[in-house]
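**Q** below is the sequence, then the predicted model.
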Amino acid sequence: MKKLLILVTVLLINLEVYAGTIYYEKEYQKVWCQNHNGQTEVILPDKARVDCVTENYAIEFDFAKKWGESIGQALYYALTLNKKAGIVLIMENGNNDTGYLARVNKVAKSHNITVWTMTPEDMKYSGIKPHKRY
């Protein structure tokens, strides 16, 4: 019974994470990376996965609320691959996400991280249907 309760709790947490997004992170990753001639899901020797690798950048994708995580991952991937660090911050909540972008940009400026953003509008002509109305 205890194992079942734990399983149900984990499933509900995962559903909550994805229920609020218009597109999945992997969908933004696929579109952006293709448009920038990159390779998705590059596996490092320690089994970590880089969201997108281009000729010059190792790039982490994250939703705006996870801005802090994106910084550490981007720096680690760049160091490991001897590339520049990049972050694509996914901003699905308009002005509500601008504070997160400001935080990322403040740190990025001092650590030489390039930051791009994506919104649901950037997915408009991708052929991928939204999971939630916007």
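**A** That came in fine, so what should we check first?
**Q** check contacts around residue 74.
**A** Contact partners of residue 74, counting by CB atoms under 8 Å, 6 or more residues apart in numbering, are 58-60, 85-87, 113. Glycine gets a C-beta too; all of them are placed from N, C-alpha and C.
**Q** if I look at it, how far off is residue 96?
**A** Computed with CB to CB, to the nearest Å, the distance linking residue 74 and residue 96 is 23 Å.
**Q** and the strands in this protein?
**A** For the chain, strands defined by DSSP state E occupy the ranges 39-43, 49-53, 57-63, 84-90, 113-118.
**Q** mean pLDDT and distance to residue 28 for those - can I get that in CSV?
**A** What follows is the strands of the chain, written out as CSV (pLDDT from 0 to 100; distance: least, CB to CB, whole Å):
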stretch, mean pLDDT, distance to residue 28
strand 39-43, 95, 11
strand 49-53, 97, 9
strand 57-63, 98, 6
strand 84-90, 98, 5
strand 113-118, 98, 5
